[in-house]
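> based on what follows, work out the 3D shape:
(2 chains, ligands or ions: 1)
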Amino acid sequence: MSHDLDALQARIDGGGRVTADEALFLYRSAPTWWLGRMADLVRRRKHPEGIVTYIIDRNVNYTNVCVARCNFCAFYRPVGHGEGYVLGFDEIFRKIDETIALGGVQLLLQGGHNPDLPIEWYEDLFRAVKARYPSFKLHALSPPEVLHLSRTSRLPVPEVIQRLIAAGLDSIPGGGAEILVDRVRKLLNCYGKATADEWLDVMRHAHQAGLRTTATMMYGTVETDEERLEHMLRLRALQDETRGFTAFIAWSYQPEHTERGGREATGIEYLRTLALARLVLDNFDNLQASWVTQGGKVGQLSLAFGANDMGSVMIEENVVRAAGAAYCMDEVEIVRNVEDAGFVAMRRNMHYEVLGEPIFRQRDVPRQLELATAREAGDTSVPSELMNYPARSAAGKRQRAQQPPSPVA
Amino acid sequence: MIEIEINTAIAERARGGERLTAAELAELDASDVLSLGMLSDEIRRARVGDTVSYLRVLDVAAGEPLDDALSTRAASCGEVRLATPAETLAATVDLVQRVRALLGAGIRLTGFSLADVASRPWGPLEEVLAALKAAGLDAIAEAPVDLVSPDQVAAVRAVGLGLVTLSVQRLDEGRLAVLERARAVLEVNPHLTTFAPLAREQSIATPTTGYSDVRLVALARIALPEVRTIQVDWQQYGPKLAQVALTFGANHLDRVAPTDDPALGWRRASVEEVRRNIEAAGFTPVEQGPA
Ligand code: SF4
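Reported below is the predicted structural model:
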C-alpha cells in the first residue's frame, strides 16, 4: 500500500475526503511533520480567526459503583465494596456552587453503572439542579449509562433520552466509546455495556432528539491501527448522517491500577493520532487537546497538531487520576498556554459558542493548583435521599432497609 | 511537498552550519513551531544521524547513606552523580573520597553544578576544583550558562576535570539570551560539545510551556553548530515532553534511573520505557556506558 503524499496533500488542501486506505497509509507512513502541518492547515481552514476555546466545567462522577467491570478502568468499585459511593444531591449542589464561583457553566456528570440508581433518581437530580440553577447546563450520561438506564428501567433508549431531556439533560458526553469495534470491546470487557452499534445508536437517537454530543476515543490497548481508523470512520459516517457531534476527543489508555495493565502510548503517538483525526474527521469542527492524559506541555503542542480546543478547565477529576495521571491546569494556566502558542483564548459552552474572554481577567478567581476529588478519602457516608429509591442489588437492598426514607432535596 | 515556512536564506545558512545573527535567531524563534522543528530535525539528522543516546545515572542526594548498596546500584549505571556540595570544602572532598572508595576506579563519578561550587567562599575556583579532582571526581556535572562565566567554565578544564554538560538554570532572560550566553561560553571553551537547554528550575504555578521547550531545543540545535549533543533530562521533563523534544533536535536523554524503581512510577523509571519512547519517535536508541 503506497499513496502519493503530494496528491493527498492537494486533495486535503482542496477540502477533499481521505479514504480508509489512504488514512491507514498516512497513519503508518507519513512523517509526523507532514501529519502535523496538514492537520494545522485544516484547523486553520475551519478556524481562521485563530481562537482556541475552553470550557469551565466540573467533571463530577456521581457514583463509582459499577457492574460493567471494564478491564481498563481503575475507577470503579463493585457493588457492596467498602469504597463504593453515591454522591448526595447536596454534595452535587455544593460542587455546582463552587463551579459557578469559578465561572463554570456546566457539570460533566458521569458515573458507573450502579444497579441501585433507578431512572427516577436521575430525573429527580436533574430537576432539582434545574430548579436551583436554571441556566446551569447538564452535560451528562455517556451512551453506556443511557443504555444501562434503558436496561434497568426496561424502557427503549429514545424514551429514556426523552425523559432525561424533560428532566433537564442538555447534552450527552461521548464517553464509553473506547474503540468502536466489537472485537476490541470484547477484549476490554466493555462489549456488554455497549456494543459499537449500540453506542452509535444512542448517539443517533440523542441527535434525533435534538441533543448535541461529543465523541471520544480511547486508544492504546489491544486495537490495531486499522481498528483505530475504523473507529474514526464510524464516527464520520454517523456525523454525515446527523451532524450532531460537536467535537472529537482522543485520549490514551491510562494503565496504572487497572486490571489490564500494560503501558501507555507515547506522546508522539498521541500527536499523530490527533493529527490523523483532524484529517479523517473532516465533518467535525472541533478537536480537543487531551492535556489531562498528555500533560500541559504536550497538551499545548496539540494545538500545532490540529486541536482547536483545550477542553475543560477541570475543577475535579477522578477517573484518569485513578489510573495514574494527575495533571492540573486552571483557567490562568490554560489561557497562558493558549496565548503562548499564539492563539486567542475564549471561553465557550458545550455548543462551542464563544461566551467571552477569560473570567480571571474580569474578576478575581482563586488559583487552583490541584484538582478536587469526588469525595474526601475515607468518606463513605450514604446520602439520605437514596433511601427513597428502590435498590436492585442485594447489598443495596440491605443498605436501604437500615435507614428510613427522607424528603427529596 | 510540505514546505518549511521559514525565511529561505536563514534556513540555508542554518543548514550550512553558519553562525546565525541575533536577528536571524529572533526571526526563527517567531516562526511557525512545526516549521522550526522540521528545520531543526533536518539539521540534527545531517549532523548526528538518527540515533538517540541515553545514560543511566545514579543520583546521590545530600545525606544519602554511603554503603555497599550504593555501589551495587551503581554497577548498572553509566555515571554516579553527586547532587550538591557539602557545607564545607573539606566535607565535600570527604564526600567525593568516600564515594570514590565505594565505587572503585572503574565507574565515572561526577557531581555538582559549577554555579554551586563557584558561589561558595572556598577560595580560588581553580584550587577548589583541583581539590575535588584530587579527591576522585571525574567531572563537574553541569555548568549553567546563565549563572557562570566563560572563564569559570574554562577553569574546569584547566585542572583536568571533565564537564558533563552546559545547562540553563532558569529561563528568566528568555530563550535567545540563554543561547547567546551559551555561545559566549563555547567561544572560550570550544572543546565542549554538550548542552542541556531546558531550564533546571521551573515555577510550579507557571512552568515553561511545551511550545517554549521545543522551540528552545530546536533553536539550540540550529544556533550552536559546535554542539553535537542536545540533552533533555528524562526524570525532570518526563517521557512525553522528552520524547517530543527528540523530534525537535535533541539527541540524548540524560538521567535515566539506574534500576526500575517503583517509587518513580513506570512513567519515569524503566530503561525499556526509554527505549520504547525513542523508537516510537522514529530513532534508534543507544545506551551510553557502563564501560
Ligand atoms: S469505564 Fe465506566 S462502565 Fe467501565 S467499569 Fe469504569 S465506570 Fe464502569
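
> in the chain, what secondary structure element scores lowest on mean pLDDT?
This is for chain A. Lowest mean confidence among the helices and strands of chain A (mean pLDDT, DSSP states H and E): helix A:319-322, at a mean of 69.

> chain B is the one I meant
helix B:266-269 (a mean of 47).

> how much space between A:Thr32 and A:Arg398?
55 Å (Cβ to Cβ, to the nearest Å). The way it works is simple: take the backbone N, C-alpha and C, and place the C-beta from them, glycine included.

> for A:Thr195, that is, sorry about that
From A:Thr195 to A:Arg398 the distance is 33 Å (Cβ to Cβ).

> between the two, who's got more neighbours?
A:Thr195 (17 against 11; other Cβ atoms under 10 Å in any protein chain shown).

> so the more buried one is in contact with A:Val181, correct?
No: using Cβ atoms under 8 Å, A:Thr195 is not in contact with A:Val181, being 9.9 Å away.

> which stretches in the stretch 1-150 of chain B count as helices?
For the stretch 1-150 of chain B, the helices defined by DSSP state H, counting those that start in this stretch cover B:8-15, B:22-29, B:33-48, B:68-74, B:89-103, B:114-119, B:125-135, B:150-158.

> pLDDT below threshold where in chain B?
By pLDDT under 70, the low-scoring segments of chain B are B:259-269, B:290-291.

> same thing but 90
B:1-4, B:62-78, B:104-106, B:202-207, B:257-272, B:289-291 (pLDDT under 90).

> and the stretch 101-250 of chain A, by the same measure?
A:101-103.

> now do the strands in chain B.
Using DSSP state E, the strands of chain B run over residues B:51-60, B:79-82, B:109-113, B:139-144, B:162-167, B:194-196, B:229-233, B:252-256, B:284-288.

> can you report how many residues neighbour B:Ala26?
14.

> what's near enough to touch the nearest residue in space to B:Arg15 that is not next to it in sequence?
Leaving out its chain neighbours, the residue that sits closest to B:Arg15 by Cβ to Cβ, 6 or more residues apart in numbering or on different chains is B:Ile43, at 6.2 Å. Each residue near B:Ile43 by Cβ atoms under 8 Å, 6 or more residues apart in numbering or on different chains is listed here: B:Ala14, B:Arg15, B:Arg221, B:Ile222, B:Gly249.

> circling back: mind putting the strands of chain B into CSV with distance to B:Leu129 and mean neighbour count?
Below are these laid out as CSV (distance: least, Cβ to Cβ, whole Å; neighbours: other Cβ atoms under 10 Å in any protein chain shown):
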stretch, distance to B:Leu129, mean neighbour count
strand B:51-60, 19, 21
strand B:79-82, 14, 23
strand B:109-113, 10, 23
strand B:139-144, 7, 25
strand B:162-167, 10, 23
strand B:194-196, 18, 24
strand B:229-233, 22, 24
strand B:252-256, 22, 25
strand B:284-288, 24, 15
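
> I'd like those strands as a markdown table, with distance to the ligand appended.
Below are the strands of chain B laid out as a markdown table (distance: least, Cβ to the nearest ligand atom, whole Å):
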| stretch | distance to the ligand |
| --- | --- |
| strand B:51-60 | 35 |
| strand B:79-82 | 42 |
| strand B:109-113 | 46 |
| strand B:139-144 | 45 |
| strand B:162-167 | 43 |
| strand B:194-196 | 40 |
| strand B:229-233 | 34 |
| strand B:252-256 | 33 |
| strand B:284-288 | 34 |
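
> got those strands as CSV, with distance to A:Leu187 columns?
Converted to CSV, those look like this (distance: least, Cβ to Cβ, whole Å):
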stretch, distance to A:Leu187
strand B:51-60, 33
strand B:79-82, 42
strand B:109-113, 47
strand B:139-144, 47
strand B:162-167, 45
strand B:194-196, 42
strand B:229-233, 35
strand B:252-256, 32
strand B:284-288, 30
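
> how about the nearest residue to A:Leu386, chain neighbours excluded?
Per Cβ to Cβ, 6+ apart, closest to A:Leu386 is A:Val86, 6.0 Å.

> what's opposite the one you found in the beta bridge?
Taking DSSP bridges, one obtains A:Thr63 as the residues bridged to A:Val86.

> so who does it touch?
By Cβ under 8 Å, 6+ apart, the neighbours of A:Val86 are A:Tyr62, A:Thr63, A:Val65, A:Asn114, A:Asp116, A:Leu117, A:Val382, A:Pro383, A:Leu386.

> of those, buried ones?
With burial judged by 16 or more other Cβ atoms under 10 Å in any protein chain shown, the buried subset of these is A:Tyr62, A:Thr63, A:Val65, A:Asn114, A:Asp116, A:Leu117, A:Pro383, A:Leu386.

> out of those residues, list just those in helices.
Among those, DSSP state H puts none in helices.

> now for the residue nearest to A:Glu316 when sequence neighbours are not counted: which residues touch it?
Leaving aside its sequence neighbours, A:Glu316 sits nearest to A:Ala372 (Cβ to Cβ, 6+ apart; 4.2 Å). Residues in contact with A:Ala372 (Cβ under 8 Å, 6+ apart) are A:Glu98, A:Ile315, A:Glu316.
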